[in-house]
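*Asks:* Predicted model and sequence follow; I will ask about them next.
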Amino acid sequence: MSEEPNKIQLAVIGGGPGGYAAAFLAADLGMQVALIDPEVNPGGVCLYRGCIPSKALLHVAKVLTETREATHWGIEFSPPKVTVEKLRAWKEGVVQRLTGGLGQLSKQRHVRYLRGEASFVDAKSLKIKTPDGREEQLGFGHAIVATGSRPAALPGVSLASPRILDSTTALEIQDIPKTMLVVGGGYIGLELGTVYATLGTQVSVVEMMPGLLPGVDRDLLTPLTKRLEGLFRSIMLNTKVVEMQEQKDGIRVKFDSSAQEQAFEKVLVAVGRKPNSQVPGLEKTKVELDQRGFIQVDLQRRAAEPSIYAIGDVAGEPMLAHKASHEGRVAVEAIAGHKVAFEPRAIPAVVFTDPEIAWCGLTEEQAKQEKRTVKVVRFPWAASGRALTLDRPDGVTKLILDPETECVLGVGITGSGAGELIAEGVLAVEMAASAMDVALSIHPHPTLSETVMEAAEVFFGNATDLYRPRK
Ligand code: FAD
Ligand code: NAD
């Protein structure tokens, strides 16, 4: 391939977890790579205004909750004093450290990091507008579109006001409002609702569906709902916002379920995300979008234009960082000519609430919809020694098994640290482990991981810590 400065083997547009994983692997495989993003360093939504800042704040919320609950163990702390500026600075420090590290990794790998916004000139070249207004043209052999997604607006009731937050502005923690309405009881609404409620805001959640986290198995949700009912001021289900009006001291909100209006100091809108597929000039190529605006790709993540690939949030659900990175690596391997496809059996999902909910592979809901016969076994955490030592028996581990082969098709876990535990489930599903494989693998004691082994033992009717004879 040419050494011309304005031509590159691979151009990756977007420096999020999809884009930087792709660029780094391509460099490791010996390709000349350019990575283009408007920020000073790679990181994307995940590092700058998504996964990382939200998890830093959720860690703080966890510590606050534990100090409050310590009274139960005979330990009393005085009420915490929260210095918002310091909290914000610490969270930003975490982001700077990680994104700075990615900048270093780009340099070490000789990835050409171009700060700016890319647009397509045609299916073989890009124009990059730099922050100082210059324009640079770059030819490419292949391009990977990894432009991510942005928050969706509330249809019909949008209002431009500093009191209306999206996930980006909510993560800035400008202040700790007295009251907040969270519109959308999904991932962001519940995670950021938890942060604000723990910091002292009276949080109300409004969700248009009959339950929180639609699509998640209901038994996994029960322990979380119980706790959120104590943490949040109210949870309004089957309800939509029909009107919002700015007033001197807040936002007055009208709901479709009641004639009564309510006022909130801040409103956080978290009703889903939209793919950033409107990359200028993309329409000059053969790339096609589906009805929801996602770039259509094949198993190698190749779009309808053979020189262009798409990965991450812009290429479809689930909009998760680890799915983006994995797709990025698949696309690069395909470009390198390796035999590869994106066909995972299990993409784990974790909602980092308290307790956490995590699942992978087939869910019970999905099995019901597909009319698939499965065997579901559960191990309640009230029977786990480790859960009791943590004073957190409010959890459950379940396995979804094929009744004939006894293979693990899916795993669901609710409880403290479920997000860490689900990795074993991913391995079990990907490796087609059987219930016997899981039951016979010695798990360390006392740990929450034993609940996975004991759930498998429940299948055979011989779980040590639970009397559930096999029927
Ligand atoms: P993104 O991370 O969205 O990055 C895309 C990049 O492309 C951006 O930097 C953007 O500026 C850039 N870009 C766009 N257009 C152009 C252009 N024309 N030229 C150049 N650059 C361009 N996922 C998890 O797995 N775990 C979590 O805990 C989690 N928490 C989240 C919390 C919040 C509050 C939010 C909002 C999201 C969270 N997500 C989480 C989702 C996760 O952030 C996304 O799935 C992930 O960032 C998608 O990665 P990506 O590489 O597709 O794109
Ligand atoms: P979401 O899809 O998780 O939840 C949106 C919720 O809003 C849904 O429950 C939906 O029914 C509800 N809703 C939609 N319109 C509504 C309306 N008009 N009134 C009331 N409720 C309404 O979306 P999100 O929370 O915005 O997050 C976006 C995506 O970002 C997630 O789907 C996920 O892919 C990703 N994310 C992941 C994590 C994580 O992995 N822990 C954390 C945050 C975000």
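*Replies:* Looks like it came in fine. Numbering: from 1, shown residues only. Ligands and ions are numbered 1, 2, ... in the order given.

*Asks:* Endpoint to endpoint, stretch 155-170 covers what distance?
*Replies:* Stretch 155-170 has an end-to-end distance of 20 Å (criterion: CA to CA, to the nearest Å).

*Asks:* can you count the residues close to the nearest residue to residue 447 once chain neighbours are set aside?
*Replies:* Ranked by CB to CB, 6 or more residues apart in numbering and with sequence neighbours excluded, the top spatial neighbour of residue 447 is residue 386, at 5.3 Å. Heads up, the C-betas are built off the backbone N, CA and C, glycines and all. Neighbourhood size, residue 386 [other CB atoms under 10 Å]: 18.

*Asks:* mind listing the strands for the stretch 351-471 of the chain?
*Replies:* Assigned by DSSP state E, counting those that start in this stretch, the stretch 351-471 of the chain shows strands spanning 356-361, 375-380, 396-401, 408-415.

*Asks:* for whichever helix or strand residue 252 is part of, packing partners?
*Replies:* Residue 252 is located in strand 250-255, with elements delineated by DSSP states H and E. On a contact count with 3 or more CB pairs under 8 Å, 6 or more residues apart in numbering; DSSP states H and E, strand 250-255 meets strand 179-183, strand 241-247, strand 262-264, strand 266-269.

*Asks:* Now do the helices in the stretch 1-150 of the chain.
*Replies:* Using DSSP state H, counting those that start in this stretch, the helices found in the stretch 1-150 of the chain span residues 17-28, 44-49, 51-69, 84-108.

*Asks:* Show me the contact partners of the last one.
*Replies:* With contact meaning CB atoms under 8 Å, 6 or more residues apart in numbering, helix 84-108 is reached by 15, 20, 23-24, 35, 39-43, 47-48, 52-53, 56-57, 60, 113, 171-173, 175-176.

*Asks:* ok so, going back, just put the strands of the stretch 351-471 of the chain in a markdown table and tack on mean pLDDT.
*Replies:* Formatted as a markdown table, these follow (pLDDT from 0 to 100):
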| stretch | mean pLDDT |
| --- | --- |
| strand 356-361 | 98 |
| strand 375-380 | 98 |
| strand 396-401 | 98 |
| strand 408-415 | 98 |
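
*Asks:* center of the protein, which residue is that?
*Replies:* residue 320 (4.4 Å; CA atoms, centre = their mean).

*Asks:* ok, now how distant is that one from residue 419?
*Replies:* In this view, residue 320 and residue 419 are 12 Å apart by CB to CB, to the nearest Å.

*Asks:* Neighbours of residue 215, how many?
*Replies:* 12.

*Asks:* ditto for residue 130
*Replies:* Neighbours around residue 130, by other CB under 10 Å: 14.

*Asks:* Surely it and residue 118 touch.
*Replies:* No - at 10.7 Å, residue 130 does not count as touching residue 118 under the criterion of CB atoms under 8 Å.

*Asks:* if I pick residue 320, what's in contact with it?
*Replies:* Taking CB under 8 Å, 6+ apart as the test, what residue 320 contacts is 347, 349.

*Asks:* same question but for residue 406, I mixed them up
*Replies:* Taking CB under 8 Å, 6+ apart, one finds 434-436, 459 in contact with residue 406.

*Asks:* Could I have the ChimeraX command that selects the buried members from the residues you listed?
*Replies:* The buried residues among the contacts of residue 406 can be selected in ChimeraX (16 or more other CB atoms under 10 Å) with this line:
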select :434,435,459
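
*Asks:* Next one: the residue in the chain that ligand 2 sits nearest to from residue 204, what distance?
*Replies:* Residue nearest to ligand 2 within the chain: residue 186 (1.8 Å; CB to the nearest ligand atom). In this view, residue 186 and residue 204 are 15 Å apart by CB to CB.

*Asks:* same question, residue 120
*Replies:* Applying CB to CB to residue 120 and residue 204 gives a distance of 44 Å.

*Asks:* Repeat that for residue 119.
*Replies:* 42 Å.

*Asks:* When the two are compared, which one has more neighbours?
*Replies:* Taking neighbours as other CB under 10 Å, residue 119 and residue 204 compare with residue 204 leading, 21 against 16.

*Asks:* Where does the more buried one sit, in terms of helix or strand?
*Replies:* Using DSSP H and E, residue 204 falls in strand 202-206.

*Asks:* could you point out which element follows that strand?
*Replies:* helix 218-231.

*Asks:* got the buried residues for that following helix?
*Replies:* For helix 218-231, by 16+ other CB under 10 Å, it's 220-221, 223-224, 228, 231.

*Asks:* which one of these is nearest residue 199?
*Replies:* residue 231 (11.4 Å; CB to CB).

*Asks:* Just the pLDDT for the residue lying closest to the closest one once chain neighbours are set aside.
*Replies:* Take residue 231 and drop its neighbours on the chain: the residue closest to it by CB to CB, 6+ apart is residue 197, 4.8 Å away. In this model, residue 197 is scored at 98, pLDDT.

*Asks:* So residue 197, which state does it fall into?
*Replies:* Of the three states, residue 197 takes helix under DSSP: H, G, I helix; E, B strand; the rest coil.

*Asks:* Tell me how many other residues crowd it.
*Replies:* The burial count for residue 197: 21, using other CB under 10 Å.

*Asks:* Next one: residue 234 from residue 10, what distance?
*Replies:* Taking CB to CB, one finds residue 234 at 51 Å from residue 10.
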